[in-house]
Each structure stands twice: as structure tokens, then as C-alpha cells.
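Chemist: sequence? don't have it. structure:
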Ligand code: ACM
């Protein structure tokens, strides 16, 4: 009995003094110091940074003020050696441009990096060393951390077309990405259900294209049999009368970002070392555009509407005509987009273009003949190549969904593989850069539990599947594998109508994603990740983030 008590006491006392370090994504190397050593942040702690306007110093100052109500002084000239958080750019070459080292002891916490990005990543780790409850002393364990990312592209997407999210929330979303050391935000700005970016030359895109008159009720194809009647085409996929007649809620939905707002968001992201990749969809997912400028469709006399029902399966959705008029229009749109976004990459969509519209359009057929195109897949390729040439002429590179492989890949395109990995594998073999976002693992709008509390897309991508996803397919050679630029989580908003639901779908799958993309492969460990998540959830409580409490049950 005495032995048991002794063992129990030992475990308890070990627990009391052990240094808990729970960081997501898991760093490359962590050494914890003596248990008695700790750095304490208080009102007198100074942040020392070469530059008083350093993004990292300001971010840290703002974070500690926001969540702990302590305003630390940023003092580039401080000569203090104690009670300081020092951010230092060093010229000593680290292994990776984004690498940082974080050393913390009784007197100081120092973050070293050889780039601003690296410093910022160090700050994100430091934030996770601070206790996640307000009532505690702000005590940081003694650690020595060395860390750098595994992949160069660590992306997260947000669809703001199916449901619109305002600037304040988009900024919050960017902060979530920053906390997870993600470096690309893929902003899905246009689709059938709403055009969300002001284009000065074509005001109708937002006057008309940013608004729809309702959204279908419930899971696609929606409930009921009233209101909207869509044309059912002969010889298409089988559409039951129920599918063809849909009920919407009749509530006008929409919104858009002015160019000034877009600039504000780009600047906000840049201060967090996140590049925003805008997506302008073509030649499909363009009903909002066509509602505003019907002359660019394959049926110029048709009255197009901003779509109210989700999905492409039904093939209600028209595509753009591959005419000179359309290309001129798209070039003008892309010029404004490229002038706004400093990103070297522009996403031009390219997915799910139903070929039936080009098949039945005499003008499309003429365009194909004039350009020696044998079939509609080649027309799709012609479309993307022509746009690529224009984007390349402005010094930028296109990214497209994997369908841009159809009919031949544009010479410099980056491929985003969503229909499994096949497209990504093919593109890597053709020596094109690839971003992996296979829907079955990486679409966070899918259900995360077998039985969800609220409506989600009708597919299942649980946390463990996300965590176990490996972006580099085994069938690629080492040489080909180098074309796997990284991976991305995608969040489509058909069934996501408000910010709390975005959070619910995003967390903690974003945590799993960040670990796949940042941490060394050999460090992946699901039970350990789940242990670290418990601390992360407390931080989410502090930050007012919604997540499923079911994760706390085991
Ligand atoms: C997609 O999910 N259609 C890219």
C-alpha cells in the first residue's frame, strides 16, 4: 500500500512540475529545460525588436493585449537583459528560409530567424507556450525549439460565393491560418451563386451578380416542389421531376468586397506572411457573371440567373462562350484582379465545365473548327491556355483545378488536385507543380462525425482521415515527388451560412492539416496530436472559437 501511495505521489508531483509543451503543428525539435526554469511575462516585459514596426512584434503585442489585457512595450533600444522577449533576425544561415529558433529561460525569450517569415512563425509558437487561461500567471516553460516547414505551399481555401462572409470575418479567418503557420489563403471569389469582387470596368458583376433571390432548402437537391423551374435537358444525366423543381427559401442573399476592402484584406494577410490567391472561375461556375453579362454565354438570348441551387450534377449551369468578346472581358477582369493582388499566382478555376453547352452551340462549334480543335475537351484546353498566355504576359502563373488537364495541360499551370490524387499525379509526372486537396480527405465542408448536429455536405472526412493524409503519393519517384508543392484544405460554403459554422467545420481539421504540411513526416502521431489538441481547445475557448465539444469526450 505504501508503495502504491509513493508511486501515486511521484506521479502527482511529476505532473505538477513537468513542463507541458503542446504545440500544433508539432515543431521539428523541442528540448525542454529544467522544470524549475520559466519565463514570466508581466507588465514590465519588453519586446525587443530591431524594428518597432515589426509585424511580429506588433502581432505579439496585440495578441497579449487582446487576450490577457497586458500591453507590452516594444522597445528597439532596450539594453535590458532580463524580462525581455527578443526578436532577432540573424544572418547565420539556417537550414530553411522559414526556420526559427526559440529559446526561453528564466530571463529571456529569444526568437531567432533569418527571415521575417521565420520570426513570425516563432511568434506563433510562442503564443502557444503562453497559458491558455486568463487566470494564470503568464509563465512560459524553458525550451529550445528549432523549427521549419516541410512543404512550401500550406493552403486553406474559403468559398465566399455560396455564402458571403464580411471583411471582419475574413480577417479573423486569416488569423486562424496564421496561428497554424499556413502561408496561402485561396479566396474563392466567384461562382454560380455570387460574384464577390468589385470590378470597376464591369459594375454589373456586383450590381447583379452579387445577389441571388434565394437558396435551396436543405441538402441538395433541396426540399419541396415549388418556386423555381429549371430547364431539364434531354439526354442529360437522369433528373427526376423532384430534382428539376426546387424550393428555395426566397431570401435574397449576397454581398461583395470593394477594391478598397480587398486591398485592406491583402495588407492584413501580408502582415501575417500569408499570400492571398484570388480565384476567378472560368469557363464554368459562371452563372453570376452570365446573369450580369448574358452575351458571354453560349445562349446569348437566354435570361440567366444567379444560381439558387448548389451543385453541377444537374447541369443547369451554363459555361462561357470561348469567343474573342469573352476573352477580352476576362482579360479586363483579370487585369484589375492582378493589379490588386500581389500574388504571383492567380487561380482561374477550370473545374466542372459541362461540355454540353459547347456541343449544342453553333458558335462554339465554329470556334472549334476555326482553331482546329477536335472535341470540347480540346476547347476547354484552348480556353485555359489562352487565359494562361495572358496571365503569363503579366508575369503571373495560373493555378487550375485538375480538370485543366483535359485536352492537354497549359504549359506553365499549377494543378490543384481535388478529384482524388489522379490529376495531381499526372501533373507531377508532367513536371507541373501540384497542390493536393483531394476532396475525400481535404474538404472540410464534409461531415466530421457520422451523425452531425447540423447540415453538412453529404460526405465524410473525419479528423483522423485528415490527419493521416499524406500529400506525396507513393507511386511518384523522388524526382516527381518534388513537384508536390504542398496541400490545402478546402471549405465550400453551400451549407455554411455563418462564421460560427465556418469555425465548427474548420476546427480542429485545420490543426490536423497544419501538422501534415508543416511537421516532419516521421513526427506524425495521432494519439499525441489528440493530447496536444486538448490544450488547443482551451485556447480556442479563450479566442471564442466554436468547435464540436464531442472532441472533448475522449
Ligand atoms: C470543386 O470542388 N469543384 C473544385
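Modeler: Noted; the coordinates are in hand. Nothing here was measured: the structure is a model prediction, and the numbers come from that model.
Chemist: up against the ligand, what does the stretch 401-550 of the chain have?
Modeler: 401, 418 (CB under 6 Å from any ligand atom). Heads up, the C-betas are built off the backbone N, CA and C, glycines and all.
Chemist: hmm, 8 Å instead?
Modeler: Taking CB under 8 Å from any ligand atom as the criterion, the stretch 401-550 of the chain approaches the ligand at residues 401, 416, 418-419, 439, 443, 490, 492.
Chemist: in strands only, show me these.
Modeler: Members of these lying in strands (criterion: DSSP state E): 401, 416.
Chemist: wait, doesn't residue 480 sit right on residue 430?
Modeler: No. Taking contacts as CB atoms under 8 Å, residue 480 lies outside contact range of residue 430: 9.4 Å.
Chemist: what residues does stretch 454-465 touch?
Modeler: 218-220, 439-450, 492, 494-495, 501, 505, 508-509, 512, 526, 551 (CB atoms under 8 Å, 6 or more residues apart in numbering).
Chemist: ranges for the helices of the stretch 51-200 of the chain?
Modeler: 55-68, 116-129, 167-179 (DSSP state H, counting those that start in this stretch).
Chemist: mean confidence score for stretch 24-31?
Modeler: Mean per-residue pLDDT for stretch 24-31: 97.
Chemist: list the buried ones in that stretch?
Modeler: 24-28, 30 (16 or more other CB atoms under 10 Å).
Chemist: also stretch 146-164?
Modeler: Of the residues in stretch 146-164, 146-151, 153-164 count as buried by neighbour count, 16+ other CB under 10 Å.
Chemist: residues near residue 346, how many?
Modeler: Using other CB atoms under 10 Å, residue 346 has 22 other residues around it.
Chemist: that one reaches residue 278, doesn't it?
Modeler: Yes. Residue 346 lies in contact with residue 278 (CB under 8 Å); the separation is 6.4 Å.
Chemist: any weak-confidence spans in the protein?
Modeler: Scanning the chain for pLDDT under 70 picks out 1-18, 223-246, 312-315, 554.
Chemist: the same query, at a cut-off of 80, please.
Modeler: Scanning the chain with the threshold set as pLDDT under 80 gives 1-19, 35, 52-53, 92-95, 134-136, 220-247, 300, 311-316, 554.
Chemist: tell me the residues of it that contact the ligand?
Modeler: Counting by CB under 8 Å from any ligand atom, the chain comes close to the ligand at 285, 312, 349, 351-352, 401, 416, 418-419, 439, 443, 490, 492.
Chemist: try 6 Å this time
Modeler: Within the chain, the positions lying close to the ligand (CB under 6 Å from any ligand atom) are 351-352, 401, 418.
Chemist: which two among the residues you listed are spaced furthest apart?
Modeler: Greatest spatial distance among the residues of the chain next to the ligand (CB to CB): 352 and 418, at 9.9 Å.
Chemist: who has more neighbours out of the two?
Modeler: Ranked by neighbour count (other CB under 10 Å), residue 352 and residue 418 place residue 418 first, with 24 against 19.
Chemist: these two touch, right, that one and residue 438?
Modeler: Yes. Contact criterion CB under 8 Å: residue 418 and residue 438 qualify, at 6.5 Å.
Chemist: any idea how far the helix or strand where residue 542 lies is from the chain center?
Modeler: Assessed by DSSP states H and E, residue 542 sits inside helix 526-543. From the chain centre to the centre of helix 526-543 is a distance of 20 Å (CA atoms, centre = their mean, to the nearest Å).
Chemist: by contact count, what packs against it?
Modeler: helix 116-129, helix 463-467, helix 509-518 (3 or more CB pairs under 8 Å, 6 or more residues apart in numbering; DSSP states H and E).
Chemist: from these, which stretch is densest packed?
Modeler: Most buried of the helices and strands packed on helix 526-543 by mean neighbour count (mean count of other CB atoms under 10 Å) is helix 509-518; its value is a mean of 26.
Chemist: show me the strands in the stretch 251-400 of the chain, by range?
Modeler: Using DSSP state E, counting those that start in this stretch, the strands found in the stretch 251-400 of the chain span residues 253-254, 275-282, 345-349, 397-401.
Chemist: what is in contact with residue 352 and residue 418 at once?
Modeler: Listed as contacting both residue 352 and residue 418 by CB under 8 Å, 6+ apart are residue 401.
Chemist: any idea how far residue 198 is from the residue nearest to residue 280 when sequence neighbours are not counted?
Modeler: Closest residue to residue 280 apart from its sequence neighbours, by CB to CB, 6 or more residues apart in numbering: residue 190 at 5.4 Å. Counting by CB to CB, to the nearest Å, the gap from residue 190 to residue 198 is 12 Å.
Chemist: ok, these two, which is more surrounded?
Modeler: Ranked by neighbour count (other CB under 10 Å), residue 190 and residue 198 place residue 190 first, with 30 against 20.
Chemist: any idea how far residue 433 is from residue 480?
Modeler: Remark: distance between residue 480 and residue 433 (CB to CB) = 12 Å.
Chemist: quick one: which of these two has more around it?
Modeler: Neighbour count, other CB under 10 Å: between residue 480 and residue 433, residue 433 has more, with 22 against 18.
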